[in-house]
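> Following is a predicted model, sequence given first.
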Amino acid sequence: MTAQTLMNPDLVVVRATDTVADAAELILKHHLRHLPVVDEAGRYLGTFGIYSVLQLTLPTAVLKHGLKNVGFVAETATDLAQRLRRHGQEPVGQWLSKDPVAHPDTPAMTVIQMILQGHTSVPVVDRSSHRLEGAISSWSVLERLMSEAR
């Protein structure tokens with residue numbers, strides 16, 4: 001069994017030039033943790049997700065200097081929302097995460113191991129063209145296994 005067997009080919013994707021606000025709306029609308037980001041040719045560039053959105057609500061000092069203890073910062077929901085709004089028109093390409101990828105012929109066990117190492121989903125990328133082919137999440141693995149068990 002390979003990654004191609006487990007992957008979901010029907011993905012909601014964004015382009016690097018799409019805005020943070022538009023990507024956040026898609027994340028909410030589709031109840032996603034993150035979105036694959038592709039270029040105009042469909043080549044995989046990285047992911048933009050809910051953690052990226054939450055990161056943009058942090059004060060600049062936390063973002064730039066990586067402060068670990070921020071319990072002293074008193075913020076309201078309005079403060080956080082305003083900060084997020086300020087980033088809303090920025091392209092998602094500025095906030096990409098680079099996670100490991102699988103290829104269609106990657107063994108399924110390797111992909112499951114990647115998921116267990118903390119990657120909520122694994123993009124499946126064509127080895128030669130770098131085009132995004134699909135993604136594998138813990139949900140897609142479980143769905144496949146449960147359908148086999150019936």
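It's in.
> start to end distance for stretch 82-95?
Stretch 82-95 has an end-to-end distance of 18 Å (C-alpha to C-alpha, to the nearest Å).
> Oops, could you answer that again for stretch 70-77 instead?
Stretch 70-77 has an end-to-end distance of 16 Å (C-alpha to C-alpha).
> Distance check, residue 143 against residue 37.
24 Å (C-beta to C-beta, to the nearest Å). For every residue, glycine as well, the C-beta is placed using N, CA and C.
> Okay, strands next: where are they in this protein?
14-15, 34-38, 44-49, 121-125, 132-137 (DSSP state E).
> Where does pLDDT dip in the protein?
63, 65-68, 72, 119 (pLDDT under 70).
> What's opposite the most centrally placed residue in it in the beta bridge?
Closest to where the C-alpha atoms of the chain average out (C-alpha atoms, centre = their mean) is residue 34, at 3.1 Å. Beta bridges link residue 34 to residue 49, judged by DSSP bridges.
> Now do it against residue 45, distance only.
13 Å.
> cool, residue 11 as well?
Taking C-beta to C-beta, one finds residue 11 at 14 Å from residue 45.
> Identify the residues contacting the closest residue in space to residue 132 that isn't next to it in sequence.
If the residues on either side of it in the chain are set aside, residue 132 comes closest to residue 44, at 4.3 Å by C-beta to C-beta, 6 or more residues apart in numbering. Residues counted as contacts of residue 44 (C-beta atoms under 8 Å, 6 or more residues apart in numbering) are 36, 37, 38, 101, 123, 125, 130, 131, 132.
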